[in-house]
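Output the structure for:
(4 chains, ligands or ions: 2)
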Amino acid sequence: MIAGKRKLKIVLGVIGSDVHAVGNKILENVLTEEGFKVINIGVLSPQEDFINAAIETAADLIVVSSLYGHGEIDCRGMREKCIEAGIGDMQLYVGGNLVVGKKDFTEVKKIFEEMGFNRAYPPGTSPQQLIDDIKKDFNIK
Amino acid sequence: MIAGKRKLKIVLGVIGSDVHAVGNKILENVLTEEGFKVINIGVLSPQEDFINAAIETAADLIVVSSLYGHGEIDCRGMREKCIEAGIGDMQLYVGGNLVVGKKDFTEVKKIFEEMGFNRAYPPGTSPQQLIDDIKKDFNIK
Amino acid sequence: MKNIRWEEEEFLKKRKEVLKSWPTGSQVDLEESINYHRAIPKNKVSKWVLKKAKNEGRTLTQPRAGVALIDNHIELLRFLEKEGMADLLPTTIDSYTRLNKYEEAQKGIEESIRLGRSMLNGFPAVNHGVKACRKVCESVNVPVEVRHGTPDSRLLAEITLAGGFTDFEGGAITYNIPYSKNVPIETSIRNWQYVDRLIGYYQDNGVSINRESFGPLTGTLVPPCISHAVSIAEALLAAAQGVKSISVGYGQCGNLIQDIAAIKLLSIITEQYLKEFGFTDILLTTVFHQWMGGFPKDEAEAFAVISWGAAAAGLGGATKVIVKTPHEAYGIPTKEANALGLRATKQILNMVKDQKLKEIELIEKEIDIIKEETKSILEAVLNLGKGDIAIGLVRGFEAGVIDIPFAPSRFTKGKIIPVRDDHGAIRFLNIGNLPFSKKIRNFHKKKLEERGKVENRKPSFKMVVDDIYAISKGYLVGRPENK
Amino acid sequence: MKNIRWEEEEFLKKRKEVLKSWPTGSQVDLEESINYHRAIPKNKVSKWVLKKAKNEGRTLTQPRAGVALIDNHIELLRFLEKEGMADLLPTTIDSYTRLNKYEEAQKGIEESIRLGRSMLNGFPAVNHGVKACRKVCESVNVPVEVRHGTPDSRLLAEITLAGGFTDFEGGAITYNIPYSKNVPIETSIRNWQYVDRLIGYYQDNGVSINRESFGPLTGTLVPPCISHAVSIAEALLAAAQGVKSISVGYGQCGNLIQDIAAIKLLSIITEQYLKEFGFTDILLTTVFHQWMGGFPKDEAEAFAVISWGAAAAGLGGATKVIVKTPHEAYGIPTKEANALGLRATKQILNMVKDQKLKEIELIEKEIDIIKEETKSILEAVLNLGKGDIAIGLVRGFEAGVIDIPFAPSRFTKGKIIPVRDDHGAIRFLNIGNLPFSKKIRNFHKKKLEERGKVENRKPSFKMVVDDIYAISKGYLVGRPENK
Ligand code: B12
Ligand code: B12
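Numbering: from 1, shown residues only, chains lettered A, B, ... in the order given. Ligands and ions are numbered 1, 2, ... in the order given. Below you'll find the model as predicted:
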């Protein structure tokens, strides 16, 4: 990030009844080191917690992780809830192991994009990829 | 075999430039133990050696092994050579790893049957299967 | 709360409450279930199959598997029995059920029916009820175990045991700390005492249900002494409630010497503690989990990780090995992928089963280390509990003398930080509040200095992150580039 | 015939003959080729890549691969380099070429073009000629070795070395006895002396070509002492002709202790013999072949066998491992299957590379056994040759003091019969005429009695047949049903 500028604020968490904590801890670590301001709401987080945290901190981006396979159910309606809460144009990224089973990712991507996520990532995406995309989307050099 | 009856005579060998000796040794052992008379011409045997051995011993059956992948080239014309040699109705079996590569066996089987082999077997066929089929074809109980 | 056997009255009172927490609870009739169990043939009862394997020195295979709908789940298990030659079968429970969210599980069932594919990551046994469970268990010819990750599994236990399962995984610590954020240890101990007492009740009536502790915890660089201490504690908790068939588990570290040492020691030291506390008539068996951390995406590489785990399990003499699949990095495996993992595992097990690795000083030394560490932890825990392991666990976690790395729970300090040494064995970068002797502390320090020197960097959290990724990137030790 | 360096004159005379034996021979210009080699960068020269790996204690991977047509072959090698991350590449020669049947190879090439698929089980390098070989070697970024099985490979060597290959497999014994029926040992020694001298000639001119001996022989239950004795003999033959970079090989037995012992000993004892005969400036490296006998048909099981081989290679510290594929039981693998085997292997190698297996008495004991056996054989051979290994080999095979099991050749007695002991190590059921001490004989007898007792049967050829099938059926030791 360009020094002196306002830090990009990212709400980070693992959605639903998902307890996979390791990737979350690493993402917090890496995003923070990159210079972002990370609000990590951790595992077992309902949609509401993401949205409340984003509103409270006036965040720029919500990064949702879902590892355990219920991502499709857990993420449904999240965009609508954002709209209701008045942050309808919030950037929403989602990644992890989004659906149950090993599936062709183009299909999975479509499902999540139709749900209103701006970006959806396949299993094992590296944090660097995420950082690169954030910089692209938020015009950070 | 039914005791007292003439023993079924089988010419056994590995065709072409093939040196895989282990399966051949085991087949000789198993077929002999089963009570057949085995004439084993061993590895590196050209078509002619099979046919000559069959004529010399008045054999009932030729069992060709091909492991190394050149089976398709090596076996071509064998039926024709049998006909020329006056043993046109000789039973010809072939087995091993008949073609180069892992292929759908129904296709391979067709190739060898069209060449005039009475039976063709996929990789790793057990000697017991061979014995069962011999007994069926030669009406041995 | 103490580690003593619950009074019958207290137990029966609680049962009424528990069974009311979801409609299917009313399907449970304990006396009828006991009779049902009595009729199950021995080859379908975990305890007997485990006992036989233990006596013969064989290592059994077991997959993880569970889908939302009953018929699909049965098809899945049958497939794994036939095509995977699984010696033991599982029924893995979905994550909503694990958190007692039966309504969401119900939604998952309905969605799965609607979309024609499993929308749940496991089998929602509570929603399906007793009869469905029996149908599942009856449809195969080997024992079936309930595998989950449920801090409060009282209703799940009631329904699945009535449903004919003969093995139940979990424990107050192993199914709390890695699986929840806000459940106090005291609560999960109480809830698991209930489960253990329920199994003890079956046992009192001549029905053996095996209780397995979930050794791998967070699956992420867990040092053997941590999981050993926890496993032993859970064994003592179960035994106190009258459980007589116990399996203790361990998740592969990846260093062969450490893995063999750990699994060998696990059975010896658990037996010792059980004996020390007066439990002498328990069948104790061990479970080895193939690598529980992040897997490589490439299936060939995954096969290698699976095979390496199978080798350690077999050479270490575990009673059973829990098998991963070539789909691990992606998602719940198809039944075919699951069977592939099982078959690869069985091939290795059969190839190593007659091989004895004896007279290996390195293993003996490693055993001594893990033993001393484990004993220090348990001693401190028992001291804090004034000899009572239940109280000791609550206070011990509070004090951090027992601690679990990378856990979501706020009831473990999370101060310890594990990292690999130069040979890939898991050591401590930060010992947190663990009550280790100076000798042990120095041991770890020296080990990490050794690695630091080779990699020309100070041991740090960066090294830990590298280790977390290492196996998924094709290595055991997470070296910096070009090392 | 003796084991002494050929006179230049004799060699050059023979060359003329050899180069005339097939039209492509005329393409070889030795001086031009030497210059060509001088320009090859070190990272594409086997010797240097092997040396680096040896120094770093790494184990390199190499597949087997070869198809009939040039472009397809290049595509195959590139794929294995990229997708298989192969450290070294091969060019496996087809079986007609191996038997100098260049006309049949030509038919195979034509048929392959006609049918659009490879009708040959390898790359017919002689027919394709020098330029084609250079095209192959130039199209990849790692060293390429000629791998074959040719009793008389003089022309093959001329063409492929002129063609830029920097490594050449085989030997007077290892590429005769398992690969032919009627070639006298004296003949193959002469022909391989030619090849070794050719390589020595390159060496004299500053170009290092590595010479690898084919350790696994018939791939079927070959006891380590047999392949070790042969490997050492071939190293001595090569060294005498001026070869300075030598790899000795060994085929996995399947018992980890025996495999580690064997591969460790192999490099030590070969160095000793080389030194004893005055060859002190040779780069010696070792090659471990993943299981060379019958493979399981199931691909998951095949992955397990591959992984187990990779583990033994890595833990044993071999310089390179030759990799099998999940298609092994069926036929020449597709390039994809080949890459899968390579990737599984690399994953294991990387996971075990930092693990040291030290202080293992069982390994030391096994080393002592193999060492004594190997030395007895070589001593007897050298005695018969009055100190000359070439003469000794001819007489030794005649006398059966050196012998190879399951071979097609009539120039080995074929009297020894190997079989596994109760732990899966390969022992002798029949020692034939091997010059073993009473102690060693008793050792084997005792080992087999042990197994016989467990299986409740007398060690016999039935046991051997069971062992031959065992790995392909999922076991290491071929037990009777239900044992
Ligand atoms: C360790 C582990 C566990 C541990 C977790 C411990 C803990 N509390 O953290 C334990 C054993 C407890 C566990 C439990 C379960 N697990 Co789990 N687990 C794993 C495993 C092996 C590794 C996860 C891990 O830590 N990886 C290392 C970290 C660094 O990587 P990561 O988590 O993938 O995160 C990275 C990336 O995904 C990415 N990322 C994450 N989020 C986002 C978001 C964005 C926008 C981007 C760009 C990137 C990104 O960046 C992260 C950092 O690099 C994976 C399989 C695998 N990956 O190999 C299965 C896996 C995730 N688990 C799975 C399942 C099903 C479960 C269980 C239901 C049990 C079961 N059936 O086996 C329970 C669920 C409990 C619950 N309620 O959540 C499945 C999910 C299936 C699916 N999606 O189809 C997996 C894929 C295994 C499998 N193939 O079946 N598990
Ligand atoms: C050991 C072995 C070798 C040894 C052989 C030693 C010797 N002289 O005997 C060595 C190392 C020398 C060798 C060399 C080669 N081999 Co090789 N070898 C094998 C291997 C691993 C095992 C063979 C074996 O002994 N099996 C055990 C015995 C008991 O089984 P079997 O041979 O299959 O025989 C049984 C059955 O096939 C059946 N059977 C046999 N014939 C018949 C006939 C009938 C009618 C019936 C019903 C049944 C039947 O019964 C037998 C007894 O149970 C196989 C792969 C495998 N199967 O796992 C490759 C394999 C046969 N080899 C192969 C090749 C290509 C070669 C080489 C060209 C080198 C190379 N490119 O790697 C050379 C060929 C040399 C030559 N000129 O022939 C390929 C053949 C490829 C193909 N068909 O597409 C295979 C399949 C490996 C592979 N997947 O690439 N090999």
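
hey, which helix is longest across chain C?
Using DSSP state H to assign secondary structure, the helix with the most residues in chain C is helix C:361-384.

Looks like residue C:150 contacts residue C:170 (just checking).
Yes - counting by Cβ atoms under 8 Å, residue C:170 is a contact partner of residue C:150 at 6.4 Å. Quick note: C-beta positions are derived from backbone N, CA and C, even for glycine.

Let me know whether the longest helix of chain C sits next to chain D.
Yes - using Cβ under 8 Å from any Cβ of the partner chain, helix C:361-384 reaches chain D at C:361-362.

what residues does the next helix or strand after that helix touch?
Counting by DSSP states H and E, the next helix or strand C-terminal to helix C:361-384 is helix C:389-399. Where contact means Cβ atoms under 8 Å, 6 or more residues apart in numbering or on different chains, the residues beyond helix C:389-399 that reach it are C:1-3, C:172-173, C:177, C:184-186, C:189, C:193, C:233, C:236-237, C:377, C:380-386, C:402-403, C:411-413, C:433.

Separate out the buried members of the residues you listed.
The neighbour-count test (16 or more other Cβ atoms under 10 Å in any protein chain shown) marks C:3, C:172-173, C:177, C:184-186, C:189, C:193, C:233, C:236-237, C:377, C:380-382, C:384-385, C:402-403, C:411-413, C:433 as buried among the contacts of helix C:389-399.

Tell me which of the residues you listed fall in helices.
Using DSSP H, C:185-186, C:189, C:193, C:233, C:236-237, C:377, C:380-382, C:384 are the members of the buried ones among the contacts of helix C:389-399 that sit in helices.

Residue C:480 in helix, strand or coil?
coil (DSSP: H, G, I helix; E, B strand; the rest coil).

Neighbours of the residue nearest to it when sequence neighbours are not counted, how many?
Leaving aside its sequence neighbours, residue C:480 sits nearest to residue C:455 (Cβ to Cβ, 6 or more residues apart in numbering or on different chains; 5.8 Å). Applying the criterion other Cβ atoms under 10 Å in any protein chain shown, we find 17 residues in the vicinity of residue C:455.

For the residue of chain C found nearest chain B, give me its contacts.
Scanning chain C for proximity to chain B using Cβ to the nearest Cβ identifies residue C:347 as nearest, at 15.3 Å. Residue C:347 makes contact with C:310, D:296, D:300-301, D:304-305, D:474, according to Cβ under 8 Å, 6+ apart.

By neighbours, which of those residues wins?
Among the contacts of residue C:347, residue C:310 has more neighbours than the rest - 32 neighbours, counting by other Cβ under 10 Å.

Now do the same for that residue: its pLDDT.
As summarised for this prediction, residue C:310 has a pLDDT of 98.

from memory it sits against residue C:341, does it?
No - counting by Cβ under 8 Å, residue C:341 is not a contact partner of residue C:310; they are 9.2 Å apart.

what do these two both touch?
Counting by Cβ under 8 Å, 6+ apart, the residues touching both residue C:310 and residue C:341 are residue C:323.

Now look at stretch C:226-233 and say if it contacts chain A.
No - interface with chain A: stretch C:226-233 contributes nothing (Cβ under 8 Å from any Cβ), its closest point being 15.6 Å away.

Got the confidence number for residue C:117?
90.

ok, now how distant is it from residue C:110?
Between residue C:117 and residue C:110 the distance is 13 Å, computed by Cβ to Cβ, to the nearest Å.

more crowded one of these two?
Here residue C:117 and residue C:110 are compared on neighbour count by other Cβ under 10 Å; more neighbours surround residue C:117, at 16 against 12.

and the gap between the more buried one and ligand 2?
With the distance defined as Cβ to the nearest ligand atom, to the nearest Å, residue C:117 ends up 37 Å from ligand 2.

Next, count neighbours for residue 8.
Going with chain A. 20.

looking at chain C here, not the other one
Around residue C:8 sit 11 other residues, with neighbours defined as other Cβ under 10 Å.

do the same with residue C:57
Counted with other Cβ under 10 Å, the neighbours of residue C:57 add up to 10.

Check residue A:25 too.
18.

which secondary structure element contains it?
Element membership for residue A:25, per DSSP H and E: helix A:22-33.

does that helix come close to ligand 1?
Yes - for a cut-off given as Cβ under 6 Å from any ligand atom, helix A:22-33 has contacts with ligand 1, namely A:22-23, A:26-27.

Go through these and say which is closest to chain D.
Comparing the residues of helix A:22-33 next to ligand 1 against chain D with Cβ to the nearest Cβ places residue A:22 closest, at 19.6 Å.

Could you count how many residues lie near the closest one?
Counted with other Cβ under 10 Å, the neighbours of residue A:22 add up to 21.

how near is it to residue A:42?
12 Å.

got it, and residue C:409?
Distance of residue C:409 to residue A:42, computed by Cβ to Cβ: 11 Å.

The two - which one has more neighbours?
Set residue C:409 next to residue A:42 and count neighbours by other Cβ under 10 Å: residue C:409 wins out with 25 against 17.

Around ligand 1, which positions in the stretch 51-200 of chain C sit nearby?
C:64, C:92, C:95, C:98, C:121-122, C:149, C:178-179.

In which helix or strand does the residue of chain C closest to chain B reside?
With secondary structure defined by DSSP H and E, residue C:347 is part of helix C:335-352.

Does at least one residue of that helix sit close to ligand 1?
No - interface with ligand 1: helix C:335-352 contributes nothing (Cβ under 6 Å from any ligand atom), its closest point being 9.0 Å away.

For chain A, give me the ranges with low pLDDT.
Residue ranges of chain A with pLDDT under 70: A:1-5.

and with 50 instead?
In the prediction, chain A carries residues with pLDDT under 50 at positions A:1-4.

Going along the chain, name the strands of it.
If you assign secondary structure with DSSP state E, the strands in chain A sit at A:9-15, A:37-45, A:61-66, A:91-96, A:119-120.

Could you check how far the residue most central in space within chain C is from residue C:263?
Closest residue to the average C-alpha location of chain C: residue C:214 at 1.8 Å, with Cα atoms, centre = their mean. Taking Cβ to Cβ as the measure, residue C:214 falls 15 Å from residue C:263.

Please apply the same query to residue C:287.
From residue C:287 over to residue C:263 (counting by Cβ to Cβ), the distance is 9 Å.

cool, and residue C:350?
To residue C:263, residue C:350 is 18 Å away according to Cβ to Cβ.

ok, the two, which is more surrounded?
With other Cβ under 10 Å as the criterion, residue C:350 and residue C:263 differ in neighbour count, and residue C:263 comes out ahead with 27 against 23.

re earlier: looking at the contacts of residue C:347, which one is closest to residue D:83?
Proximity to residue D:83 was ranked across these by Cβ to Cβ; first place goes to residue D:300, at 20.1 Å.

In contact with the most centrally placed residue in chain A, which residues?
In chain A, the C-alpha closest to the average C-alpha coordinate belongs to residue A:63, at a distance of 1.4 Å (Cα atoms, centre = their mean). By Cβ under 8 Å, 6+ apart, the residues touching residue A:63 are A:10-13, A:27, A:31, A:93-95, A:130.

I am finished for the moment; much appreciated.
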